[in-house]
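J.: Just a sequence and a predicted model for now, questions to come.
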Amino acid sequence: MTHNYFEQMDNPNTSLFISDKILHIDNKKNMDLYSVALHIHVYYLDVFEKYLTYFDSMPFAFDVFITTDTQEKKKIIQESLQSHKTAEYVKEIIIVKNIGRDVLPWISIAERLKTYNVAGHFHTKKTTTAEQWVGESWQKDIFETLLENSQSILNAFAQNPGLGVVIPDIPHYWRLHPLAYTHDADFLKKIKNLWQRMGCKKQLDFDAMTGFIMPFGTMFWYRPAALEKLTSLRFSAEEIPQEPLPVHGTILHAIERLIVYAAWDGDYDYRIAPLKTQMCGFADAMVWNRVIRSVYESRDYRAGHVLLAPLRFIKKMLTGAGRMCHQIKSKTPSP
C-alpha cells in the first residue's frame with residue numbers, strides 16, 4: 001500500500017505540482033566527460049541551416065546522425081555542412097522513407113544512439129497548417145529551451161543519474177491557443193495499447209488525465225536507457241497514416257505524449273527547460289479576441305442566437321410583467 005501511494009505521488013502529473021521540475025540553468029562547463037549524440041531529421045532544408053548555427057556554438061563535442069528522405073536532400077545537406085564546424089562531428093547521413101515524420105526515423109536509428117550517455121532528438125519543424133508566426137515562434141522556443149541551454153542540460157544529466165528526459169516548456173503558441181481536448185475514445189485506446197506494448201508496469205489512469213506532460217513537437221534530450229522500451233518497438237506500415245498527417249489522434253501523437261511517462265515507468269525523472277522570454281499581454285488579447293470573434297461569427301452561434309431569441313423575448317415579457325405587477329402592488333393601498 002505504501003509503495004502504491006508513493007508511486008502515485010511520483011506520477012509526473014502529480015509530481016509536477018509538488019516537486020521542482022524546472023531545469024536549473026547553469027551553463028558553466030562542469031559536467032563529467034559524457035558521450036553525446038544528436039539526431040536531427042531534416043525535411044525542410046532552410047530550417048536545418050538555422051540548427052547548424054546553434055550546433056556550431058555548442059561548447060562540447062558530440063556525434064551527429066542525420067536522417068532525410070531523398071538523395072537530393074542528402075547532397076544539399078553535405079554541401080551546407082562544408083561551411084560549418086558541425087561537419088567534423090557528423091557520423092552518418094541516412095536516407096529513410098518519408099513516413100512517420102521525425103518519429104519513425106528517430107526510432108529507426110535508436111540502436112546507434114544506445115552507446116551514448118545522452119542523446120538529443122530534433123527535426124526541422126514547420127507548422128504549415130497555421131500562420132507563419134506560429135512556426136517561427138515554435139522554432140524559436142525550441143532553440144531557446146533545448147539548444148541555448150544545452151550545457152545546462154548536460155550538466156543536469158551528469159549530476160543526476162536518475163534523470164531520464166529533458167523536454168521544452170509549452171511553446172508560446174499553445175499558451176495562447178490551449179490544446180483542444182483530443183482524448184477521444186479511439187485516441188485513448190491507441191495510448192493504452194502503446195503503454196501495454198512497451199511492457200510498462202506502473203498504473204496510469206489515462207481516462208482521468210486532463211493533459212500530458214510531453215515534449216510539444218517531439219524534440220527533447222534523453223538518456224537512451226530511459227526510453228529503451230519505446231525505441232525498441234517496431235511499427236507496421238498500417239499503423240502509420242500517410243501524408244498529409246491528421247493534426248491529432250495518430251500513433252505518432254500517442255508516442256509524443258508517452259515519452260516522459262515511459263521514462264517514469266523505468267524509474268527515471270524528467271526536467272522542463274524553461275522559456276527565456278514571455279509574450280506581452282497584447283498578444284494574448286489579440287489571439288483570444290480572434291477566437292471570441294470567430295465564435296460570434298460562426299454559423300452555429302448565429303443559429304443558436306436565432307433559436308434563443310423567442311426564449312429571450314418570453315423572458316423579457318415575463319420580467320416586464322413581473323415589474324408591472326410589482327408596481328401595481330406597491331401602489332395598491334393596504335386594507
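T.: Structure received. Numbers count the residues shown, from 1 in each chain.
J.: Could you use CA atoms for every contact and neighbour count after this?
T.: Noted.
J.: could you pull out the helices for the stretch 1-150 of the chain?
T.: Here the stretch 1-150 of the chain has its helices, by DSSP state H, counting those that start in this stretch, at 2-10, 12-18, 45-56, 71-81, 103-108, 110-113, 132-142, 150-159.
J.: What lies in contact with the third one?
T.: By that I understand helix 45-56. 42, 73, 77, 80, 84-86, 124-125, 143, 147-148 (CA atoms under 8 Å, 6 or more residues apart in numbering).
J.: let's see it at 10 Å
T.: 38, 40-42, 62, 64, 68, 73-74, 76-77, 80-81, 83-87, 89, 122-126, 136, 139, 143-144, 147-148, 150 (CA atoms under 10 Å, 6 or more residues apart in numbering).
J.: which of those residues count as buried?
T.: The neighbour-count criterion (16 or more other CA atoms under 10 Å) marks 38, 40-42, 62, 64, 68, 73-74, 77, 86-87, 89, 122-126, 139, 143-144, 147-148, 150 among the contacts of helix 45-56 as buried.
J.: Would you verify that H248 is located in a helix?
T.: No - assigned with DSSP: H, G, I helix; E, B strand; the rest coil, H248 falls outside any helix and is coil.
J.: what helix or strand does the residue nearest the centre of the chain sit in?
T.: In the chain, the residue lying closest to the centroid (CA atoms, centre = their mean) is F216, at 1.0 Å. Under DSSP states H and E, no helix or strand contains F216.
J.: list the contacts for it?
T.: F216 makes contact with 138, 142, 167-171, 174, 253, 256-257, according to CA under 10 Å, 6+ apart.
J.: what does D269 give?
T.: Counted by CA under 10 Å, 6+ apart, D269 has contacts 10-12, 15, 21, 160-166, 226, 260-261, 263.
J.: Write the PyMOL selection for whichever of the contacts of F216 are buried.
T.: Only the buried entries of the contacts of F216 go into this PyMOL selection, using 16+ other CA under 10 Å:
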select buried, resi 138+142+167+168+169+170+171+253+256+257
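J.: closest to T231 among the contacts of F216?
T.: Ranked by distance to T231 (CA to CA), these are led by E256 at 12.2 Å.
J.: Straight-line length of stretch 202-216, end to end?
T.: Length of stretch 202-216, first residue to last, CA to CA, to the nearest Å: 23 Å.
J.: So which bits of that stretch are buried?
T.: Neighbour counts over stretch 202-216 (16+ other CA under 10 Å) mark 202, 204, 212-216 as buried.
J.: filter the contacts of D269 to the buried ones?
T.: Applying 16+ other CA under 10 Å to the contacts of D269 flags 10-12, 21, 162-166, 226, 260-261, 263 as buried.
J.: Report how many residues lie close to W106.
T.: 22 (other CA atoms under 10 Å).
J.: so it makes contact with H41?
T.: Yes - counting by CA atoms under 10 Å, H41 is a contact partner of W106 at 7.5 Å.
J.: list residues touching both of those two?
T.: Common contact partners of W106 and H41 (CA under 10 Å, 6+ apart): 65-67, 121-123.
J.: Distance of the nearest residue to K202 once chain neighbours are set aside relative to D69?
T.: With sequence-adjacent residues excluded and distances taken as CA to CA, 6 or more residues apart in numbering, K202 is closest to D265, at 5.8 Å. Using CA to CA, one gets 33 Å for the distance from D265 to D69.
J.: Comparing these two, which residue is more hemmed in?
T.: Under the criterion of other CA under 10 Å, the comparison of D265 against D69 puts D265 first, with 22 against 18.
J.: which residues touch the more buried one?
T.: With the criterion set at CA under 10 Å, 6+ apart, D265 makes contact with 7, 11, 195, 198-204, 226-227, 229.
J.: Quick one: these as JSON lines, columns for secondary structure and pLDDT too.
T.: Putting the contacts of D265 into JSON lines (DSSP: H, G, I helix; E, B strand; the rest coil; pLDDT from 0 to 100) gives the following:
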{"residue": "E7", "secondary structure": "helix", "pLDDT": "49"}
{"residue": "N11", "secondary structure": "coil", "pLDDT": "86"}
{"residue": "W195", "secondary structure": "helix", "pLDDT": "97"}
{"residue": "M198", "secondary structure": "coil", "pLDDT": "97"}
{"residue": "G199", "secondary structure": "coil", "pLDDT": "96"}
{"residue": "C200", "secondary structure": "coil", "pLDDT": "96"}
{"residue": "K201", "secondary structure": "coil", "pLDDT": "94"}
{"residue": "K202", "secondary structure": "coil", "pLDDT": "94"}
{"residue": "Q203", "secondary structure": "coil", "pLDDT": "91"}
{"residue": "L204", "secondary structure": "coil", "pLDDT": "91"}
{"residue": "A226", "secondary structure": "helix", "pLDDT": "97"}
{"residue": "L227", "secondary structure": "helix", "pLDDT": "98"}
{"residue": "K229", "secondary structure": "helix", "pLDDT": "96"}
